[in-house]
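With the input below, show me the fold.
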Amino acid sequence: MPSPRAFLLLWLPAILAAAAVLLPAVYLLIRAADGGDAAWITLQRPQTLATLGRTAWLAFSVTLVCLLLALPIAWLTVRTDLPLRRLWAVLTPLPLVIPSYVGAFLYATALGPRGLVQGWLEEPFGITRLPDIYGFPGALLVLSLLNYPYMLLVLRVALQRMDASQEEAARSLGHNAWSAFWRVTFAQLRPAIASGSLLVALYVLRDFGAVAVMRYTTFTRAIYIQYQSALDRSAAAVLALMLILFSLIVLLLESRARGRIHQLGSATGGRKPARVSLGRWRWPAAIFCGLVVFLALLLPAGVLVYWLVRGWLAGQVVGDLGQVTWNSVWASGLGAAAVTLAALPVAYLLVRRPGRASGLIGSVTNLAFALPGIVIALALVFFGANYALPLYQTLPMLVLAYLILFLPQAVVTLRSSFLRIPPQLEEAARGLGKGPLAVLRRVTLPLLAPGISGAAALVFLTAMKELPTTLLLAPIGFKTLATNVWTMVNEAFFARAAAPALLLILTSSLPMALMVLREEKES
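Model (predicted):
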């Protein structure tokens, strides 16, 4: 049994965090049960099965394209003499700061049938209409170009920590660089590929903005439409349960795949491999990286600047964005602080107090990976309106939603940081007569500081971009950059959406740039 102090400082906060994660699932079960037979008929409708197929196909396709983009970029920027290697290492992850709904409206206005590119091509080439980008092609393009950094960052870390001895052994047996990569390096990267694929697939399952702008109906869009248009929201709850089940299947497949290839996991430590000389492929490889950066970063940024300048020249009033920006920073900052504080005891128990109880808490917090923002928002709307009316549509309720949604991200980051701290250091401090709190304050927290800042920065970045949760739970009159952009895009005021979208990207870029630069410094 834990001591009273340990229970209050560690176990109780961890249990409360796990209980918060369970709240949306409990709500959905209650709502679906209240709907009776009519709600469950939703499962048998052809439209539901079609939505399931579209969602699965989009998740698979985006994950595959992200792998095809991220794997060569990771290898080129970590293992080769690629020209401008450090520049590409910094630029290629940056599309992650562009929210999917912002990217979707930028690509739609640029590459749509009557978009900017068509206007540029009409006079010299007589092209009056480009192929329709809406639907699956547009959703695939946007989600692939904006989400490949998730897989890229995971693969870069795996490559940086990989021991060179096995590759050198393969080369000594007569394998060339290409053969050694596929037979040795790629095999060791499989756990990282599985983890990166999980992140991408879950993001696609949770995405609402891109599929809504591109008019491609997946579960998140179907749930939102059902919620907005129907008086009885039991059908929306059934659809949300299906989405959670689908996400859990993805989690299970990733876990099993990672278990089967555990023996091929990346080695840590050892000698760093020598840079591979690309020879005549140096500049084609640089062109490939430049093309990806252009499509994923420079093109949307250029379109954004175009709409900003066009609106300014047309005399459109941008409005006072100072308060909106502050609201975004304030809500995201509170969310980052709350999530990081809640994740600390969970991560500590998983690493320093492993067992059935801590393992159960960790499994429950991982459930949040399968909870899309719109599902969490619906659950907290119901909870607030029926059981916590003083908290309904208040900032604390929005922060609670961020805590449920982003808790697994922070736990994973902090758990990795805890694993890098030798427990012998804490034991030595205890042996010198220091109490648990003194050890935590003087030894553990200083060593954990980079992980804490990294977890907080990651949560801040994702909270700034979060749309459906903020859209449904923000206090009345509490506008953020995300909701402002969404309102302008929905009303087709693209020029007026440009300024808040640019501010949102710039604000989100700061923590992202710090994370990338720190990774480069450590490598």
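
so what pLDDT did the residue lying closest to residue 329 once chain neighbours are set aside get?
Nearest residue to residue 329 in three dimensions, chain neighbours excluded: residue 507, at 6.6 Å (Cβ to Cβ, 6 or more residues apart in numbering). Quick note: C-beta positions are derived from backbone N, CA and C, even for glycine. Here the pLDDT value assigned to residue 507 is 79.

Now for residue 507: which residues touch it?
Listed by Cβ atoms under 8 Å, 6 or more residues apart in numbering, the contact set of residue 507 reads 325, 328-329, 464, 481.

Pop the domain breakdown of this protein in here.
Domains of the chain are assigned by automatic domain parsing as 8-38+316-523, 45-265+282-314.

what's the distance between the last one and the middle of its chain?
Yep, that's domain 45-265+282-314 we're talking about. 11 Å (Cα atoms, centre = their mean, to the nearest Å).

Pipe the domains of the chain into CSV and attach distance to residue 275 per row.
Formatted as CSV, these follow (distance: least, Cβ to Cβ, whole Å):
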stretch, distance to residue 275
domain 8-38+316-523, 13
domain 45-265+282-314, 5
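
Residue nearest the middle of the protein, spatially speaking?
In the chain, the C-alpha nearest the mean C-alpha coordinate belongs to residue 203, at 5.8 Å (Cα atoms, centre = their mean).

list the contacts for that one?
Taking Cβ under 8 Å, 6+ apart as the test, what residue 203 contacts is 143, 147, 150.

Which helix or strand contains it?
Element membership for residue 203, per DSSP states H and E: helix 186-206.

residues of the lengthiest helix in the chain that come out buried?
Longest helix in the chain, counting residues (DSSP state H): helix 46-79. The neighbour-count check on helix 46-79 (16 or more other Cβ atoms under 10 Å) flags 48, 51-52, 54-56, 58-59, 61-63, 65-67, 69-79 as buried.

Against which helices or strands is it packed?
Where contact means 3 or more Cβ pairs under 8 Å, 6 or more residues apart in numbering; DSSP states H and E, helix 46-79 is packed against helix 85-91, helix 136-160, helix 186-206, helix 219-229, helix 234-260, helix 282-293.

what do you get if the cut-off is 7 Å, keeping everything else the same?
helix 85-91, helix 136-160, helix 186-206, helix 219-229, helix 282-293 (3 or more Cβ pairs under 7 Å, 6 or more residues apart in numbering; DSSP states H and E).

could you give the angle of the second one to helix 186-206?
Looking back up the chat, that one is helix 136-160. 140 degrees (axes from the mean of the first three to the mean of the last three Cα atoms, to 10 degrees).

Mean confidence (pLDDT) on helix 136-160, please.
For helix 136-160, mean pLDDT rounds to 88.

mind listing what's buried in it?
Result for helix 136-160 [16+ other Cβ under 10 Å]: buried residues 138-160.

give me the number of residues near residue 99?
The tally of other residues near residue 99 (other Cβ atoms under 10 Å) stands at 26.

now swap in the one 3 residues further on and tell me
The criterion is other Cβ under 10 Å. On that basis, residue 102 has 31 neighbouring residues.

Please, which helix or strand holds it?
Under the assignment here (DSSP H and E), residue 102 is part of helix 100-111.

then that helix to PDB, C-alphas only?
Only the C-alpha atoms of helix 100-111 are listed here, as PDB (Å, rounded to 0.1, in the frame of the first residue of the first chain):
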ATOM      1  CA  SER A 100      -5.500  20.900 -41.400                       C
ATOM      2  CA  TYR A 101      -8.500  23.200 -41.900                       C
ATOM      3  CA  VAL A 102      -6.100  26.200 -42.800                       C
ATOM      4  CA  GLY A 103      -4.100  24.000 -45.200                       C
ATOM      5  CA  ALA A 104      -7.300  22.600 -46.700                       C
ATOM      6  CA  PHE A 105      -8.700  26.100 -47.600                       C
ATOM      7  CA  LEU A 106      -5.300  27.200 -48.900                       C
ATOM      8  CA  TYR A 107      -4.900  24.200 -51.200                       C
ATOM      9  CA  ALA A 108      -8.500  24.500 -52.300                       C
ATOM     10  CA  THR A 109      -8.200  28.100 -53.300                       C
ATOM     11  CA  ALA A 110      -4.900  27.400 -55.000                       C
ATOM     12  CA  LEU A 111      -5.500  24.100 -56.800                       C
END
